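K.L.:
mind folding the following:
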Amino acid sequence: MNRLNNLIIKKTNKIISCKENSVSISFNCDNCQFMLIHYDNSKNTIISDKDKKCDYIITIKDNNKIALYIELKGNDLKQAFEQIKSTKEKVGNMISSNYGALVYKSIPKNKTNIQNIKLQAKKIFEECFIEHTQISLKYNSIENIISK
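P.N.:
Modelled structure (predicted):
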């Protein structure tokens, strides 16, 4: 994750919040020092502009225990999933526990898309949280897990 140092926009042990496209995520750090990385950023030299990439990554500062890949999307959940999956494949191989979070604005007409994404996500992530409009997640430092 050291390759991403120029993309860090926040370091805290409190609450990390992100908002785009009228959707948001809030993350409680449980008094552990986390970093918010703006991965979908023009300063990102790891990937090209054409590559699929998530909006943000939240990870513990100075270790590779856990990462949360975040995509804040208008409506295309399938594309959002491809973005977090692609990012995890590029940077997540050194991380012990990988999680995904998809927050979307428009409710998909086809509910089976959400079910299919959840099935695919189980093969890649410890858990992938999919919510409409906003989500609040928290880190449990004792168990090294992320939950609602």
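K.L.:
now residue 8. Nearest residue, chain neighbours left out?
P.N.:
residue 35 (5.0 Å; CB to CB, 6 or more residues apart in numbering). All C-beta spots, glycine's among them, are computed from the backbone N, C-alpha and C.
K.L.:
got a pLDDT number for residue 76?
P.N.:
pLDDT recorded at residue 76 is 87.
K.L.:
now do the phi/psi pair for it.
P.N.:
phi -90, psi 90 (degrees, to the nearest 10).
K.L.:
that older thread, which strand or helix spans the residue nearest to residue 8?
P.N.:
Assigned by DSSP states H and E, residue 35 belongs to strand 34-38.
K.L.:
got the contact list for the lowest-mean-pLDDT helix or strand in the chain?
P.N.:
Ranked by mean pLDDT, DSSP states H and E, the helix or strand of the chain with the weakest confidence is helix 111-122, at a mean of 88. Surrounding helix 111-122, the residues in contact under the criterion CB atoms under 8 Å, 6 or more residues apart in numbering are 77-78, 81, 85, 100, 102, 108, 127-128, 130.
K.L.:
make it 6 Å
P.N.:
With CB atoms under 6 Å, 6 or more residues apart in numbering as the test, helix 111-122 has contacts from 77, 81, 100, 128, 130.
K.L.:
which other helices and strands does the next helix or strand after it contact?
P.N.:
Sequence order places strand 127-132 as the next helix or strand after helix 111-122, per DSSP H and E. Packed against strand 127-132 by the contact rule (3 or more CB pairs under 6 Å, 6 or more residues apart in numbering; DSSP states H and E) you find strand 97-104.
K.L.:
how does it look with 7 Å?
P.N.:
strand 97-104, helix 111-122 (3 or more CB pairs under 7 Å, 6 or more residues apart in numbering; DSSP states H and E).
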